[in-house]
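K.L.:
Starting from these lines, generate the structure:
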Amino acid sequence: MTFDVTVSGTDITFPCESDETVLDAAERAGYSIPYSCRKGVCSTCEGGLAAGELQVRGQGLARGPATGVLLCQARPCTSVEITPKRIVQRAAPVRKVITTKVHRITRPNADVVVLHLRFPSGVRAKFQAGQYLKVLMEDGDSRNYSMANPPHESDGVQLHIRHVPGGRFSEGVLAGLEKGHALTVELPYGEFSLDEEVDHPVILLGTGTGMAPLKSIIEDQIKRGGSRPMHLYWGARNSQDLYLADLPAQWAKRLPAFIFTPVLSEPEPGWSGRTGWVHRTVLEDYPDLSAHQVYACGNPIMTTAALNDLTAEGQLSPDAFYCDAFVPSGEIQPKI
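P.N.:
Residues are numbered from 1 along each chain as shown. Predicted structure coming up:
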């Protein structure tokens, strides 16, 4: 059965099948709603339900008016009226499933693997800086990883993979990979891309391997000759976790108005740099963020705290906060 989805305060209406999520239906109709994990964990796609009924996996039946509805897990029971955080018209994504080959594996520290995959000869894949791909496994399961290379390097992808104890891919599959082995991927996914419609100064905020999509965004701006001021904050436990510590100095030579600030939560003796919560360091430097955009990527605890504090204390507009929360893979757990 087909139902209508209407967006409050606009003339946007699109059809949605009863077995289709609102997010998927919007995408198919040529509209983009913010999302990240598509697993119902990160809350990036949360929106309001003004009227109608939605069956939301992990949340149950939602009846309008309601807030905090996960649009990536919401399927219509009736025609509905929704209030997403943002919605823009955009061509439906053209995704490719590609069988790649492992080109190189490096381990910049004990917890991170940098995996370089090459596409078959003559195959290219278009994506936007900051987007992610899915690694497809034989049983139909998948894992999401941001692409750390910029879009002009389109003959393959670079993935930054953090070791997760007991992780099926990071501890299982990855341990057996060698040069020449095949991995099937599907791309692109995600809305974590630089808004080119404005020229506001940009705060890039990452923890751990949340550096991957930020690297893609920065190197894309270098290629494009971008001039927007960019300040990168990278939060880590100790200096060993800053696994690409030499790159920002290279970026600063090629990108005007680029600043890098590493922030350690558990610094070793002798560390003279910034310490504490990375998003609190942003507030120390920028008490007024009303003219900025913030792109936060990494631990969902950090991204949630950053959204709450930067908007409440730093005058950041919620519409100027872009998020890509890295969440555990596997079964979706109902929110409590």
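K.L.:
Would you map the strands across the stretch 1-150 of the chain?
P.N.:
The residue ranges that make up the strands of the stretch 1-150 of the chain, judged by DSSP state E, counting those that start in this stretch, are 2-7, 13-17, 31-32, 46-51, 53-56, 60-63, 66-70, 74-76, 80-83, 88-89, 96-109, 112-118, 132-136, 142-146.
K.L.:
D309 against T281, yeah?
P.N.:
No. Using CB atoms under 8 Å, D309 is not in contact with T281; the gap is 11.3 Å. C-beta coordinates here come from the backbone N, C-alpha and C atoms, glycine included.
K.L.:
quick one: the lowest-mean-pLDDT helix or strand in the chain to chain centroid distance?
P.N.:
Taking all helices and strands of the chain together, the one with the lowest average confidence (mean pLDDT, DSSP states H and E) is strand 88-89, at a mean of 88. If you compare the mean C-alpha spot of strand 88-89 with that of the full chain, they lie 18 Å apart, counting by CA atoms, centre = their mean, to the nearest Å.
K.L.:
And for stretch 235-249?
P.N.:
How far stretch 235-249 lies from its chain's middle: 20 Å, per CA atoms, centre = their mean.
K.L.:
D309 and T281 - which one has more neighbours?
P.N.:
Under the criterion of other CB atoms under 10 Å, the comparison of D309 against T281 puts T281 first, with 19 against 16.
K.L.:
And the nearest residue to G52 once chain neighbours are set aside, how far from Q89?
P.N.:
The shortest distance from G52 to any residue other than its chain neighbours is 3.2 Å, reached at V80 (CB to CB, 6 or more residues apart in numbering). In this structure, V80 lies at 20 Å from Q89, with CB to CB, to the nearest Å as the measure.
K.L.:
quick one: which of those two has more around it?
P.N.:
Set side by side, V80 and Q89 give different neighbour counts by other CB under 10 Å, the larger being at V80 (23 against 9).
K.L.:
what pairs with that one across the strands?
P.N.:
In this structure, V80 has beta-bridge partners V5, where bridges are defined by DSSP bridges.
K.L.:
Buried ones in stretch 270-289, by neighbour count?
P.N.:
With burial defined by 16 or more other CB atoms under 10 Å, the residues of stretch 270-289 counted as buried are 274, 277-283, 286, 289.
K.L.:
Would you state the strands of the stretch 151-300 of the chain in chain order?
P.N.:
In chain order, the stretch 151-300 of the chain shows strands spanning 156-162, 182-189, 202-207, 230-236, 258-264, 274-275, 293-298, with DSSP E, counting those that start in this stretch as the criterion.
K.L.:
that older thread, what's the closest of the buried residues of stretch 270-289 to L117?
P.N.:
Here the nearest of the buried residues of stretch 270-289 to L117, counting by CB to CB, is V278; it sits at 29.3 Å.
K.L.:
residue contacts, the residue nearest to V185 when sequence neighbours are not counted?
P.N.:
Residue nearest to V185 in three dimensions, not counting chain neighbours: L133, with 4.8 Å by CB to CB, 6+ apart. For L133, the contacting residues are 127, 144-145, 147, 157, 159, 185-189, by CB atoms under 8 Å, 6 or more residues apart in numbering.
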